[in-house]
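K.L.:
when you get a sec, could you give me coordinates for this:
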Amino acid sequence: MTCGEEPSQVSTEATTELEWSELDGRAVDTARVLAMDAVQKVGNGHPGTAMSLAPAAYLLFQKLMRHDPADASWVGRDRFVLSPGHTSLTLYTQLFLSGYGLELDDLKAFRTWDSRTPGHPEHGHTTGVETTTGPLGQGVGNAVGMAMAARYERGLFDPDAAPGESVFDHTIWAIVSDGDLEEGISAEASSLAGHQKLGNLVALYDDNHISIEGDTATAFSEDVLKRYEAYGWHVQRIEQDPSGDFDTQKLYAAFKAAQAVTDRPSIIAARTIIAWPAPHAQNTEAAHGSALGEAEVAATKQVLGFDPEQHFEVAPEVLAHARKVGDRGREAHAEWTKRFEEWRSANPERAATFDRIQAGELPAGWEEVVPEFPAGKAVATRKASGEVLKALGGVLPELWGGSADLAGSNNTTIDASSSFLPADNPLPEANPYGRTVHYGIREHAMGSTMNGIALHGNTRIYGGTFLVFSDYMRPAVRLAALMKLPTTYVWTHDSIGLGEDGPTHQPVEHLSALRAIPGLNVVRPADANETAIAWAEITRRHTAKPAPHGLALTRQNVPTYPADVNAAKGGYVLLDAEGGRPQVILIATGSEVQLAVEARDQLQSEGIQARVVSMPSVEWFEEQDQAYRDSVLLPDVKARVAVEAGIALTWYRFVGDAGRIVSLEHFGASADYKVLYREFGLTSEAVAAAARDSIAAATR
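P.N.:
Residues are numbered from 1 along each chain as shown. As a prediction, this is how the structure comes out:
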């Protein structure tokens with residue numbers, strides 16, 4: 001195998017030679033055997049890639065990564081992302097060998113109920129797993145986000161250190177697959193990484209030529225390294241040893257060469273043989289996602305010099321040798337801590353900020369900067385959001401983010417003079433530690449990189465686009481909810497109220513579809529004050545109740561009502577009935593709250609007592625205790641109307657059998673927003689008529 005001069009021109013002559021013993025080789029083969037046995041025991045899974053990648057994963061965990069198995073959350077650690085999550089055993093076997101807490105019984109329980117070794121790695125479930133992977137391509141974006149976060153973190157705490165000399169410098173290592181690189185999200189994320197010149201990112205491309213449908217020649221024939229070279233990455237290729245396995249010396253040299261390139265991200269393409277060295281299963285699609293079978297497992301063990309009659313065989317001396325990485329990790333951690341204390345002494349103010357952020361605390365008096373808007377003035381909630389962001393940005397240096405090329409529309413720029421860009425970018429506002437992220441027209445990548453940034457820790461990230469384009473982000477949003485990540489999405493142009501751009505840009509089903517994601521909090525404020533209260537609540541929840549939040553904000557101006565802190569409870573009484581108990585409850589969100597308010601006035605003039613409930617967040621409201629919810633939505637008031645400029649799916653559970661919903665069950669059109677609301681029946685008159693109808697139904 002060669003680490004040749006094409007396509008890489010980086011010399012590896014100065015690279016320290018790898019120390020590789022017989023026990024190291026035996027540990028790699030043990031990982032292969034464990035992968036086969038784990039899949040064979042449960043009867044399903046993905047053994048082949050875990051077998052062929054065992055040497056690469058072992059090299060990373062044992063010889064290259066800076067990590068401490070005794071402290072998986074160590075700030076100074078390198079990060080590892082296994083983007084092809086189906087080969088979860090690639091990671092689990094290394095966590096076992098390295099001493100992260102997984103033991104043989106965990107591998108024996110692979111893919112079974114309540115085990116610590118689920119079928120795809122799950123962050124927060126298994127110690128040492130940095131991110132939940134499975135949907136292909138997402139891990140690539142996560143790794144890019146982690147690399148971005150590492151740079152921003154350095155800028156917060158140690159911007160003046162020489163390259164490679166900061167205690168906050170570390171490497172993001174990733175393994176990616178053919179499937180990852182076929183998914184479009186990886187193209188977006190890799191393009192962004194190249195543009196950002198993320199020299200702290202190293203990816204190994206497992207070029208095994210196998211997918212579920214057979215040889216990748218069925219669907220994939222591009223020159224991946226030429227593509228990545230065009231993205232601005234440093235590229236290398238290594239071929240397999242004549243035996244079919246990795247040449248670990250050459251692979252190590254390639255990793256070290258990649259790590260030495262600090263002005264751009266690196267990718268190493270490695271031609272591997274899936275399920276190597278299984279005599280009959282290697283290089284077959286069956287080995288990708290099926291147990292090899294008892295006979296093939298036994299035959300492979302014989303090839304590797306293991307007892308074919310033994311299962312989950314781990315020699316004590318092999319395990320003891322592999323777990324020495326714990327000693328090396330403690331030494332590296334101790335050395336880092338010494339340097340960290342020196343940094344603390346030299347940078348007391350930055351150290352205090354670091355301590356606050358690490359503790360998940362907010363600076364004293366932060367709430368005082370959150371603006372309160374005067375009632376009566378009409379303000380678009382996207383504009384109000386921009387003002388709140390700038391105010392929060394002034395006291396929260398850890399808050400950063402941007403937009404998918406829509407900053408002027410999303411109002412997501414905290415500091416227009418500070419763009420997160422490499423120092424050699426020609427734009428005058430370019431700053432490698434800048435506040436404003438220009439994601440470009442890459443919503444897919446924005447979502448997945450935001451997840452990586454949140455997973456990395458020590459910062460608070462947001463990203464903006466139009467609500468209709470949340471469709472492009474949905475897989476990443478779902479994973480953020482699954483991982484309980486405190487990402488914030490600024491989704492503007494939230495209804496047909498955006499007007500003349502027409503139905504392609506007007507979200508109709510999106511609010512209900514997003515509310516269907518468990519763990520995602522959708523917040524659609526009625527006005528500027530609810531927007532400010534929502535941002536403040538999201539800020540509080542970052543560590544107290546971590547979860548992704550999606551702010552759905554208006555393009556058009558909407559009336560501003562007096563601020564009410566109960567908006568942070570998700571639903572509250574904005575205006576109560578005058579002169580008696582309500583006969584009907586009007587529930588609304590966002591720009592439709594004004595319709596409910598106008599309808600209430602009409603009903604009151606007719607002697608009908610009406611309460612207006614603003615419900616900016618269904619999810620926050622449902623967190624409240626039953627007594628509070630009943631105080632807002634009085635159980636004995638069966639006449640209810642919900643109004644929202646989108647499909648009605650969310651609201652049936654709130655209005656009941658006698659209730660009515662004023663909604664939009666079709667796509668929009670191109671016209672002024674006032675015309676659209678009138679023509680589509682989203683009017684105060686329609687709300688009042690629905691209220692009368694509901695009252696009649698409730699009394700029948």
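K.L.:
distance of Ala516 relative to Arg382?
P.N.:
From Ala516 over to Arg382 the distance is 24 Å, taken as Cβ to Cβ, to the nearest Å. Placement of C-beta: from N, CA and C, glycine included.
K.L.:
quick one: the helices in the stretch 551-700 of the chain?
P.N.:
Assigned by DSSP state H, counting those that start in this stretch, the stretch 551-700 of the chain shows helices spanning 593-605, 618-623, 626-632, 652-655, 673-679, 684-699.
K.L.:
winner for burial among those helices?
P.N.:
Stretch with highest mean neighbour count among the helices of the stretch 551-700 of the chain: helix 593-605 (a mean of 21; mean count of other Cβ atoms under 10 Å).
K.L.:
so where is this protein shaky, pLDDT-wise?
P.N.:
Residues of the chain meeting the criterion pLDDT under 70: 1-16.
K.L.:
pretty sure Trp651 contacts Glu644?
P.N.:
Yes. Trp651 lies in contact with Glu644 (Cβ atoms under 8 Å); the separation is 6.8 Å.
K.L.:
now for the two: what residues contact both?
P.N.:
Ser663 (Cβ atoms under 8 Å, 6 or more residues apart in numbering).
K.L.:
what segments of the stretch 451-600 of the chain are strands?
P.N.:
Using DSSP state E, counting those that start in this stretch, the strands found in the stretch 451-600 of the chain span residues 460-466, 488-492, 521-523, 549-553, 557-558, 572-575, 584-588.
K.L.:
give me the contacts around the shortest one.
P.N.:
The one in question is strand 557-558. Residues outside strand 557-558 that contact it (Cβ under 8 Å, 6+ apart): 378-381, 526-527, 590-591, 593-594.
K.L.:
could I get these in CSV, plus columns for distance to Pro582?
P.N.:
Compiled in CSV, the contacts of strand 557-558 are given as follows (distance: Cβ to Cβ, whole Å):
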residue, distance to Pro582
Ala378, 27
Val379, 28
Ala380, 30
Thr381, 27
Ala526, 19
Asp527, 22
Gly590, 22
Ser591, 23
Val593, 16
Gln594, 19
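K.L.:
which one of these is nearest Gln624?
P.N.:
Ala526 (18.0 Å; Cβ to Cβ).
K.L.:
mind checking how far Leu362 is from Val395?
P.N.:
For Leu362 relative to Val395 (Cβ to Cβ), the value is 8 Å.
K.L.:
all helices of the stretch 101-250 of the chain, in order?
P.N.:
Per DSSP H, counting those that start in this stretch, the stretch 101-250 of the chain carries helices over the ranges 104-108, 138-157, 178-182, 184-196, 224-231, 248-260.
K.L.:
from the ones you listed, which stretch is densest packed?
P.N.:
Most buried of these, by mean neighbour count (mean count of other Cβ under 10 Å): helix 138-157, with a mean of 27.
K.L.:
can you give me the angle it makes with strand 460-466?
P.N.:
Calculated by axes from the mean of the first three to the mean of the last three Cα atoms, to 10 degrees, helix 138-157 forms an angle of 120 degrees with strand 460-466.
K.L.:
surely Leu399 meets Leu392?
P.N.:
Yes. Applying Cβ under 8 Å, one finds Leu399 in contact with Leu392, separated by 5.9 Å.
K.L.:
the more surrounded of these two?
P.N.:
Leu392 (23 against 19; other Cβ atoms under 10 Å).
K.L.:
tell me which element the more buried one falls in.
P.N.:
Assigned by DSSP states H and E, Leu392 falls within helix 381-393.
K.L.:
can you point out the buried residues in that helix?
P.N.:
Neighbour-count burial for helix 381-393, counted by 16 or more other Cβ atoms under 10 Å, picks out 381-389, 391-393.
K.L.:
same check on stretch 40-47?
P.N.:
40-42, 45-47.
K.L.:
let me have the residues you listed in JSON lines, extended by distance to Leu406.
P.N.:
Listed next are those as JSON lines, based on distance: Cβ to Cβ, whole Å:
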{"residue": "Gln40", "distance to Leu406": "51"}
{"residue": "Lys41", "distance to Leu406": "50"}
{"residue": "Val42", "distance to Leu406": "46"}
{"residue": "Gly45", "distance to Leu406": "42"}
{"residue": "His46", "distance to Leu406": "39"}
{"residue": "Pro47", "distance to Leu406": "45"}
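K.L.:
dihedrals phi and psi, Ala269?
P.N.:
Main-chain dihedrals, Ala269, degrees, to the nearest 10: phi -90, psi 120.
K.L.:
ok, Gly329 touching Ala72?
P.N.:
No. Applying Cβ under 8 Å as the test, Gly329 and Ala72 come out as separate, 10.2 Å apart.
K.L.:
OK, contacts around the residue lying closest to Gly128 once chain neighbours are set aside?
P.N.:
Leaving aside its sequence neighbours, Gly128 sits nearest to Tyr100 (Cβ to Cβ, 6 or more residues apart in numbering; 3.9 Å). For Tyr100, the contacting residues are 69, 72, 127-128, by Cβ under 8 Å, 6+ apart.
K.L.:
correct me if wrong, but Tyr100 is in a helix.
P.N.:
No. Per DSSP: H, G, I helix; E, B strand; the rest coil, Tyr100 lies outside any helix segment and is coil.
K.L.:
show me the contacts for Ile212.
P.N.:
Contacts of Ile212 by Cβ under 8 Å, 6+ apart are 285, 288-289.
K.L.:
would you quantify the distance from Ser605 to Val42?
P.N.:
Counting by Cβ to Cβ, the gap from Ser605 to Val42 is 68 Å.
K.L.:
any buried residues in whatever helix or strand Gly329 lives in, and which?
P.N.:
Taking DSSP H and E as the criterion, Gly329 maps to helix 325-346. By neighbour count on 16+ other Cβ under 10 Å, the buried set for helix 325-346 is 325-326, 329, 332-333, 336, 340, 343.
K.L.:
same check, this time on stretch 280-294
P.N.:
Residues 281-292 are the ones in stretch 280-294 that count as buried (16+ other Cβ under 10 Å).
K.L.:
could you do stretch 263-275 as well?
P.N.:
So stretch 263-275, judged by 16+ other Cβ under 10 Å, has buried residues 264-275.
K.L.:
show me which of these is closest to Phe157.
P.N.:
Nearest to Phe157, judged by Cβ to Cβ, of the buried residues of stretch 263-275 is Pro265 at 22.4 Å.
K.L.:
which residue is nearest the centroid of this structure?
P.N.:
Nearest residue to the geometric centre of the chain (Cα atoms, centre = their mean): Asn451, 2.1 Å.
K.L.:
which two of the buried residues of stretch 40-47 lie the greatest distance from each other?
P.N.:
Top of the distance list for the buried residues of stretch 40-47 (Cβ to Cβ): Lys41 and His46, 14.0 Å.
K.L.:
which one is Trp173 nearest to, not counting chain neighbours?
P.N.:
Phe80 (4.9 Å).
K.L.:
what helix or strand does the one you found sit in?
P.N.:
In this assignment (DSSP H and E), Phe80 forms part of strand 79-82.
K.L.:
what comes into contact with that strand?
P.N.:
60-61, 65, 67, 88, 90-91, 121, 130-131, 133, 139-140, 142-143, 146, 170-175, 452, 456.
K.L.:
in strands only, show me the residues you listed.
P.N.:
Among those, the residues falling in strands (DSSP state E) are 172-175.
K.L.:
quick one: which of those is nearest Glu429?
P.N.:
For those, the nearest to Glu429 is Ile172 (25.6 Å; Cβ to Cβ).
K.L.:
which residues does that closest one form beta bridges with?
P.N.:
Arg79, Leu201 (DSSP bridges).
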